[in-house]
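Enquirer: Return a 3D structure for these sequence lines:
(one chain, ligands or ions: 1)
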Amino acid sequence: MADGRDVTDVVDVVESKGEAACQGMVKFDPLQLRRVFGKFATGVTVVTTESNGRSVGITCNSFSSVSLEPPLLLWSLRKANLSYDDFVNAKHFAVNILASDQIDISSKFAKSGADKFAGIKFDRGLGNVPLLRDTTATFECKVDVIHEAGDHVVIIGRVMAFASSDRAPLIFSDGRYVDAIERPPLRTSDGDQSAAVPEDPLHQFVSVLLLRAFHSVIELLSEARSEIGVTINESRLLTVADAYPGSGLDELLPRTYLASSAIVDALRTLRQRGYLVVDPAGKIVVTDLGQQKVRAYNTRFKDLENYLFRSLAPDQIEAFRKVLLSIMKSAPSRPGTSH
Ligand SMILES: Cc1cc2nc3c(=O)[nH]c(=O)nc-3n(C[C@H](O)[C@H](O)[C@H](O)COP(=O)(O)O)c2cc1C
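Expert: Sure, this is the predicted structure:
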């Protein structure tokens, strides 16, 4: 779990304190607020420092650039983090912007208090701060000012050095790790098809066609999902719970490729709707209603495929499936980056 507690414990805390009061004029359910904050897609960083000879680091997506002259950046640190004292007492820190194949590093540094640097390759920078290797970019900073901000502090750093590579960045959106893939100019945002480009010279490249087809399919899948009334995160958890009956949330978590906060949110909603129950041993059980939902989901997806391939003969579809499998074998993608 990101904050060190067992996922299943947190579900119970969530459900008993879901309406916990927050300070200020308006009271919100903090979990819903967190979920909606998470709609803003960000990169993923690991912020590192050195504290009394110990290497310290946490996964962080609250990073933002602030100023060019002077060169400033910011990030916010949760007061409840074990590393809170290390960071607020530090003179230096580094922001390591993770590359798209560094999900495992993000997960490692999101675990509270664990020995996060074991097996991690890093160098030492200004103030002896660890600088992770093979990242997309690194900023080495001197702490400029720390502002109080509710249950977080905002740390503003002065950039003293920076470096970057061509490695594609890791993106975090709606509780999931995703890739940044350039959008093809096939549709305008209002769905106007007149912007289609039939004779694009790039269409000579099969890989470009594959990417563009992927975007079209993604849109259809998300339409289908919203018709069924489940979000991607909910459908991932429901499908995986159905496929691996008798598992606990901690066992299902890596199969869903969701962040722990996102799986807790999805579990809460699915329980409220009666699709899942958690038995006294912490095992997740898909109810009859949940199984109906999984079947509806599968049927809708099958219909979608039939529609997509309506002009192809079964042997062409089979040949296409083989081509896709062979691409995946020759250029294996890391799991969890798309549906
Ligand atoms: C994608 C992602 C982004 C996160 N962003 C932040 C952040 O901006 N600030 C923060 O304090 N914690 C953030 N966290 C949570 C910390 O990484 C997590 O609580 C970590 O366990 C803290 O470690 P510590 O308790 O050892 O200090 C994030 C977690 C994830 C998965």
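
Enquirer: I'd like to know which residues of the stretch 1-150 of the chain are adjacent to the ligand.
Expert: 2-3, 44, 58-62, 75-78, 81-83, 109-113 (CB under 6 Å from any ligand atom). Every C-beta, even on glycine, is put in place using the N, C-alpha and C of the backbone.

Enquirer: And the residues you listed, which of them are buried?
Expert: 2, 44, 58-62, 75-78, 81, 83, 109-112 (16 or more other CB atoms under 10 Å).

Enquirer: Tell me where the model's unsure across the protein.
Expert: 1-25, 184-198, 332-339 (pLDDT under 70).

Enquirer: what about the strands in it?
Expert: 42-43, 45-51, 54-60, 64-67, 72-78, 92-97, 122-124, 130-132, 137-149, 152-164, 170-173, 176-179, 276-278, 284-286 (DSSP state E).

Enquirer: which residues are contacting the fourth one?
Expert: Translated: strand 64-67. The contact list for strand 64-67 (CB atoms under 8 Å, 6 or more residues apart in numbering) reads Leu72, Leu73, Leu74, Trp75, Ile156.

Enquirer: and what of the fifth one?
Expert: Under the contact criterion CB under 8 Å, 6+ apart, strand 72-78 has outside partners 45, 47, 58, 60, 62-66, 83-84, 87-88, 95, 139, 141, 144, 149, 151-159.

Enquirer: where does the stretch 201-339 of the chain come near the ligand, residue by residue?
Expert: Residues of the stretch 201-339 of the chain lying near the ligand (CB under 6 Å from any ligand atom): Ala259.

Enquirer: Report the contact partners of the residue in the stretch 201-339 of the chain that the ligand sits nearest to.
Expert: Nearest residue of the stretch 201-339 of the chain to the ligand: Ala259, at 4.7 Å (CB to the nearest ligand atom). Ala259 is in contact with Ala2, Ala110, Phe172, Gly175, Arg176, Tyr177, counting by CB under 8 Å, 6+ apart.

Enquirer: Need the buried ones from the contacts of strand 72-78 selected in PyMOL.
Expert: Command for PyMOL that selects the buried part of the contacts of strand 72-78, burial taken from 16+ other CB under 10 Å:
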select buried, resi 45+47+58+60+62+63+83+87+95+139+141+144+152+153+154+155+156+157+158+159
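
Enquirer: quick one on the thing from earlier: tell me the one of the contacts of strand 64-67 nearest the ligand?
Expert: Trp75 (5.9 Å).

Enquirer: now the closest one, nearest residue through space, not along the chain?
Expert: Using CB to CB, 6 or more residues apart in numbering and skipping residues adjacent in sequence, the residue nearest Trp75 is Phe63, 4.6 Å away.

Enquirer: Please look at that neighbour and Ala94 and confirm they touch.
Expert: No - using CB atoms under 8 Å as the test, Phe63 is too far from Ala94 to be in contact (11.3 Å).

Enquirer: joint contacts of those two?
Expert: By CB under 8 Å, 6+ apart, the residues touching both Phe63 and Ala94 are Val47.

Enquirer: Quickly note the distance from Val159 to the ligand.
Expert: For Val159, the distance to the ligand (CB to the nearest ligand atom, to the nearest Å) stands at 18 Å.
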